[in-house]
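Participant: kindly generate the corresponding structure for this input.
(one chain, ligands or ions: 3)
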Amino acid sequence: MRKGQIVVEASSLCRDFVLRRPTRILRAVRGASLRLYAGETLALVGESGSGKSTLARMMLGLLLPTRGDVYVFGEPIDKLSRLERARLVQPVFQDPYASLNPKKRIGDIVAMPLTARGGQTAALVAQRVGDMLERVGLGRDYAARYPAELSGGQRQRVAIARALIAEPKVVVCDEPTSALDVSVQAQILNLLQDLREQQSLSYLLVTHNIGVVAHLADRVAVMYLGRIVEEGPTQAVLSAPQHPYTELLLSAVLPLDPDHPLPQIDEDAVPASQVAPPSGCAFHPRCPRASARCQSEDPVAELRDSGFVACHHPSSKQPDEPLASVIAFPHPLHQPSQADATAEAHKENV
Ligand SMILES: Nc1ncnc2c1ncn2[C@@H]1O[C@H](COP(=O)(O)OP(=O)(O)OP(=O)(O)O)[C@@H](O)[C@H]1O
Ligand code: SF4
Ligand SMILES: [Mg+2]
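Facilitator: Ligands and ions are numbered 1, 2, ... in the order given. As a prediction, this is how the structure comes out:
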């Protein structure tokens, strides 16, 4: 892989879902474009329901877009077979309780990408499974165990081993630690970071955690109501957010700068509906900078220093000191969603 090479690209992706009784269309993703470059970690953030997982699933080829295209190493994803896709891109999901088959031994679960591909002896597969289990911090003897015998953190290590054993180029991690106990989250994140370096991986990392963004991500994309509204290098976006929605997300965690106070956004305002998005800029009912233009004219993404912002009145604040030093790791961006809360109910220590 060349540095700067685009490994996965989403181009104007849209995904609608049909809701019943009464029948109506929910527009979960509404024209999102995103590029993941070789060797980088791109964080995707946004409030619950903004469309992050739907976008990630389309980029994995697990969900068909209603409109738009996904390219993997320049090839349209629908032209790749399931095996070819799996060889290049692998997922790590939020819930290690749901993502591992309880009836299979850990060794068979981790071996799956190799056995599906075929062409290797059972002895070689067993050898590679043992090596991979060690690399994720579990002993070789874990191969004989079942998922029910493992803690949440150990299960997520198994899920990571399964994702990486066939040496993919890209890993899409959707909230990989939010179902885990806080004491285990940093261990799993550090493991992902180490493996990224060892295996020259690129990560698309969906997260609610600003500490994870600050410490692990090279770039960050901010999603609101099915669109990417701001994207740029992590340092620039976190220290000088230009979109009012990014300012809202960050206002809960960053120390206020007296020279550049963040706008007072009504956090109790009801988030706009994906069934009937507001006219113009979809954020205008919640935005303190909204003008008459914002109510009628949808902002087009404008390039800024090595990123973009989709706003008629972006902030002009300049990036300042690195933020990783002032943000704890991990540090939640906002209250967990209902799905997170359900997962919390299952959590265990390693
Ligand atoms: N299969 C589906 N059928 C109907 N609606 C769906 C479906 N999947 C997702 N949605 C809706 O699409 C919207 C975006 O969902 P998505 O799961 O992508 O959000 P998210 O940003 O990942 O949220 P969270 O942070 O809570 O995980 C939500 O309103 C959700 O209810
Ligand atoms: S376009 Fe207008 S309403 Fe939308 S975020 Fe920018 S200032 Fe706010
Ligand atoms: Mg999600």
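
Participant: contacting residues for Gly226?
Facilitator: Cys14, Arg27, Ala28, Val29, Arg30, Gly31, Ala32, Ser50, Gly51, Gln274, Pro277 (Cβ atoms under 8 Å, 6 or more residues apart in numbering). Where C-beta positions appear, they are placed from N, C-alpha and C, glycine not excepted.

Participant: next, count neighbours for the third one.
Facilitator: Ala28 is flanked by 23 other residues according to other Cβ atoms under 10 Å.

Participant: residue boundaries of the helices in the stretch 51-200 of the chain?
Facilitator: 52-59, 82-88, 106-117, 122-135, 152-164, 182-199 (DSSP state H, counting those that start in this stretch).

Participant: out of the ones you listed, nearest to ligand 2?
Facilitator: Between ligand 2 and the helices of the stretch 51-200 of the chain, the tightest spacing by Cβ to the nearest ligand atom is seen for helix 52-59, at 18.7 Å.

Participant: you'd agree Glu231 is in a helix?
Facilitator: No: the assignment for Glu231 is strand, going by DSSP: H, G, I helix; E, B strand; the rest coil, so no helix is present there.

Participant: ok, what's across the strand from the spatially closest residue to it that is not a sequence neighbour?
Facilitator: Once flanking residues are discounted, Glu231 sits nearest to Ala221: 4.3 Å by Cβ to Cβ, 6 or more residues apart in numbering. When bridges are called by DSSP bridges, Ala221 pairs up with Leu44, Glu231.

Participant: ok, Ala221 touching Arg227?
Facilitator: No: using Cβ atoms under 8 Å, Ala221 is not in contact with Arg227; the gap is 10.3 Å.

Participant: what does the stretch 151-300 of the chain put close to ligand 1?
Facilitator: Proximity of the stretch 151-300 of the chain to ligand 1, by Cβ under 6 Å from any ligand atom, involves residues Gln274.

Participant: quick one on the thing from earlier: can you redo the contacts of Gly226 as TSV with pLDDT, distance to Leu64 and secondary structure?
Facilitator: What follows is the contacts of Gly226, written out as TSV (pLDDT from 0 to 100; distance: Cβ to Cβ, whole Å; DSSP: H, G, I helix; E, B strand; the rest coil):
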residue	pLDDT	distance to Leu64	secondary structure
Cys14	97	11	strand
Arg27	95	15	strand
Ala28	96	13	strand
Val29	97	12	strand
Arg30	95	16	strand
Gly31	95	16	strand
Ala32	96	15	strand
Ser50	93	20	coil
Gly51	95	15	coil
Gln274	84	18	coil
Pro277	89	22	coil
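
Participant: ok, and the most crowded of the residues you listed?
Facilitator: Val29 (31 neighbours).

Participant: re earlier: now render the helices of the stretch 51-200 of the chain as TSV, adding mean pLDDT and mean neighbour count.
Facilitator: Formatted as TSV, the helices of the stretch 51-200 of the chain follow (pLDDT from 0 to 100; neighbours: other Cβ atoms under 10 Å):
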stretch	mean pLDDT	mean neighbour count
helix 52-59	96	24
helix 82-88	92	16
helix 106-117	94	19
helix 122-135	95	16
helix 152-164	94	25
helix 182-199	89	16
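
Participant: export the ones you listed as CSV, with columns for distance to ligand 2.
Facilitator: As requested, these are exported to CSV (distance: least, Cβ to the nearest ligand atom, whole Å):
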stretch, distance to ligand 2
helix 52-59, 19
helix 82-88, 36
helix 106-117, 42
helix 122-135, 44
helix 152-164, 36
helix 182-199, 31
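
Participant: closest one to His284 among the ones you listed?
Facilitator: helix 52-59 (21.6 Å; Cβ to Cβ).

Participant: and stretch 13-30, which residues are buried?
Facilitator: Within stretch 13-30, the residues that count as buried by 16 or more other Cβ atoms under 10 Å are Leu13, Cys14, Arg15, Asp16, Arg27, Ala28, Val29, Arg30.
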